[in-house]
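>>> Sequence and predicted structure below; questions after.
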Amino acid sequence: MKAWHILLTIFFGIALLFVTIFVSPIILFAIVGVFLLVLLSYYLEWGMYVLVFLAPMMHWQFQLASFSSVLNKYPDILTFFAPMVDVWAVMVLVAYGIFLLRAWAHGDTIHIRMPGIGIYGLFLGSALVSLFHVFPWEVVSSLKYIIRFPLFVYIGYVALGVNILTTKALLHRAMNVFLFSVTLGAFMGLASLFFHVWGLAGLMRAVPFGIFGWAPFGDQHIFLAELFVVTIPMAMYLGVVAERATVRHVYFGLACIHVLVCLLTFSRAGWLTVFVQTIVFLIIMRKKIPWKKVIHTYVWWVIAVLIPFGVYMFHFLGTKVVSMSDAARLTLTDISWYLFRHSPFIGQGVGTFVDRVSEIQFFVYEFGTPIDAHSILDKVAAEQGILGIVAFALFVYWLLWQLYTRAMNTAYSREAQYISMMSLFVVGGTLFFQLFSTQYYSAKVWVPIMFAFAQLILYKGDAVSYTTSNFFQKKRKSIETKI
């Protein structure tokens, strides 16, 4: 930290003491907020590290009601609450705006990266078109939904991230922070088995839990499982590119721990996603894998380890809690299909699914509080129709194709190929998982997508350049080999 920053902090502390004693506390809040924003504008990368650390902790809520003693004169705003990561993302976004204003004032050239905005804009456009089907009194709430979710996850995570993580070192540090945060959740999941946090008919599963009422990772097994499908390939990549053998073993060990806890969650979506990721990887790498060695050395050990988990899972599938979960999800899918049939082209209107479910008395009677669609496909189909499905499918296909072609292009450096391969499985895994979950507009999904976009930009110049001399040297070696 620069010397003038330290002096400014000391002066600010003295000023805060004065304000606390003699002035209204609300002014104190405002001064603290402005100071933090200005400070963040000088250390944007640290703000991004905090954002990435908070991303897996979607259930850590910021509530203004906690400050009721200070904000008692403003009861209308006390009802505000949001995930801590979203609130922090807004702060970093404002700090980035201050940074841009300062750069503009100094006469610097300003370049804001908005990767994929053209094709993602089609999806946002389909959300706007869907408003033609909502009731007049729902227009405002639907517009707020577009800004709060589909637009915010792009601006607050993807665009913000790629403009702050402007070097490979910053990107790798951010991925390490994300991995560390999820590892805390993994150890919490393991601890839950010893504390018997979740149990049914003699069966247990790894779940996150609250500590004195604070539950940053939530309280359901699926909230952990959807993180591991991201961090398993991420840890493997970081291990492969690590320079020291000790560090490499640490990353591979973390990957094994995350696989283990993912299995112990007994999340059907988690198991299925990891299985699909593994099969796709084997298909892509089929020509490079020494199959005889793998089969004789590893496959039988893997089967032996998975058999007990498979037997345990079989018992889980027969429990009442699983059958009730299946019934609720099938009912939500039926509702989604019903809503889609009644407005197949533009949908019922973005952000209206929960309201439509609340109008179906059968669901409320059987399953209680109305909930969102348990699949991103059901969600988009019901709310945005064919237009939304096609637009989002184009965005996903375009991104995955960019990652796949980079990963398979030998003109790029090995590191560029490896990180694109990792990103392919990170993005594909997290989006595949959302076919069975409700976290589609959350930081835990869009921060990994941001990593993928960032590496596509940062490693764009890693293509190997072939000079004339290199070309002739390659030809000469080829001729000598033939001779």
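Structure received. Values in this document were obtained by computation on a predicted structure and should not be read as measured data.

>>> nearest spatial neighbour of Ala443, skipping sequence neighbours?
With sequence-adjacent residues excluded and distances taken as C-beta to C-beta, 6 or more residues apart in numbering, Ala443 is closest to Ala55, at 3.9 Å. Backbone N, C-alpha and C define where each C-beta goes, glycine included.

>>> Just to check, Arg173 is in contact with Trp46?
No - at 10.2 Å, Arg173 and Trp46 do not qualify as touching, with contact defined as C-beta atoms under 8 Å.

>>> The two: which is more packed in?
Arg173 (16 against 13; other C-beta atoms under 10 Å).

>>> name the helices or strands packed onto the helix or strand harbouring that one?
Using DSSP states H and E, Arg173 maps to helix 168-194. Contact here means 3 or more C-beta pairs under 8 Å, 6 or more residues apart in numbering; DSSP states H and E; on that basis helix 168-194 packs against helix 44-54, helix 221-241, helix 245-264, helix 443-458.

>>> Adding distance to Ile279 and mean pLDDT, write those helices out as TSV.
Putting the helices and strands packed on helix 168-194 into TSV (distance: least, C-beta to C-beta, whole Å; pLDDT from 0 to 100) gives the following:
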stretch	distance to Ile279	mean pLDDT
helix 44-54	29	97
helix 221-241	14	96
helix 245-264	15	95
helix 443-458	20	97
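
>>> Let me know which of these is the nearest to Asp108.
Nearest of these to Asp108, taken as C-beta to C-beta: helix 44-54 at 14.7 Å.

>>> mean confidence for the longest helix seen in the chain?
When the chain is parsed with DSSP state H, its longest helix is helix 376-408. For helix 376-408, mean pLDDT rounds to 96.

>>> Offset the numbering so it begins at 527, please.
Got it, the first residue is 527 from now on, which makes the last one we talked about helix 902-934.

>>> Next, the buried residues of that helix.
By 16 or more other C-beta atoms under 10 Å, the buried positions in helix 902-934 come out as 902-915, 917-918, 921-922, 925-926, 928-930, 932-933.

>>> Are there helices or strands packed against it, and which ones?
So helix 902-934, by 3+ C-beta pairs under 8 Å, 6+ apart, packs with helix 643-655, helix 846-868, helix 879-884, helix 940-959, helix 969-984.

>>> mean pLDDT for these: which is lowest?
The bottom spot among the helices and strands packed on helix 902-934, by mean pLDDT, belongs to helix 846-868, with a mean of 89.

>>> could you dump it to PDB, C-alpha only?
These are the backbone C-alpha positions of helix 846-868, laid out as PDB (Å, rounded to 0.1, in the frame of the first residue of the first chain):
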ATOM      1  CA  LYS A 846     -39.300 -41.200   0.800                       C
ATOM      2  CA  VAL A 847     -37.300 -37.900   0.600                       C
ATOM      3  CA  VAL A 848     -36.100 -38.900  -2.900                       C
ATOM      4  CA  SER A 849     -39.600 -39.900  -4.100                       C
ATOM      5  CA  MET A 850     -41.000 -36.600  -2.800                       C
ATOM      6  CA  SER A 851     -38.200 -34.700  -4.600                       C
ATOM      7  CA  ASP A 852     -38.900 -36.500  -7.800                       C
ATOM      8  CA  ALA A 853     -42.600 -35.900  -7.600                       C
ATOM      9  CA  ALA A 854     -42.100 -32.100  -7.000                       C
ATOM     10  CA  ARG A 855     -39.600 -31.900 -10.000                       C
ATOM     11  CA  LEU A 856     -41.900 -33.800 -12.300                       C
ATOM     12  CA  THR A 857     -44.800 -31.600 -11.300                       C
ATOM     13  CA  LEU A 858     -42.800 -28.500 -12.000                       C
ATOM     14  CA  THR A 859     -41.800 -29.900 -15.400                       C
ATOM     15  CA  ASP A 860     -45.400 -30.600 -16.200                       C
ATOM     16  CA  ILE A 861     -46.300 -27.000 -15.200                       C
ATOM     17  CA  SER A 862     -43.500 -25.700 -17.400                       C
ATOM     18  CA  TRP A 863     -44.700 -27.700 -20.400                       C
ATOM     19  CA  TYR A 864     -48.300 -26.500 -19.800                       C
ATOM     20  CA  LEU A 865     -47.100 -22.900 -19.700                       C
ATOM     21  CA  PHE A 866     -45.000 -23.400 -22.800                       C
ATOM     22  CA  ARG A 867     -47.900 -24.900 -24.800                       C
ATOM     23  CA  HIS A 868     -50.000 -21.800 -24.100                       C
END
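
>>> And for it, what's in contact with it?
726, 842, 873-874, 879, 882-883, 886, 888-889, 892-893, 897, 899-901, 904-905, 907-909, 911, 962 (C-beta atoms under 8 Å, 6 or more residues apart in numbering).
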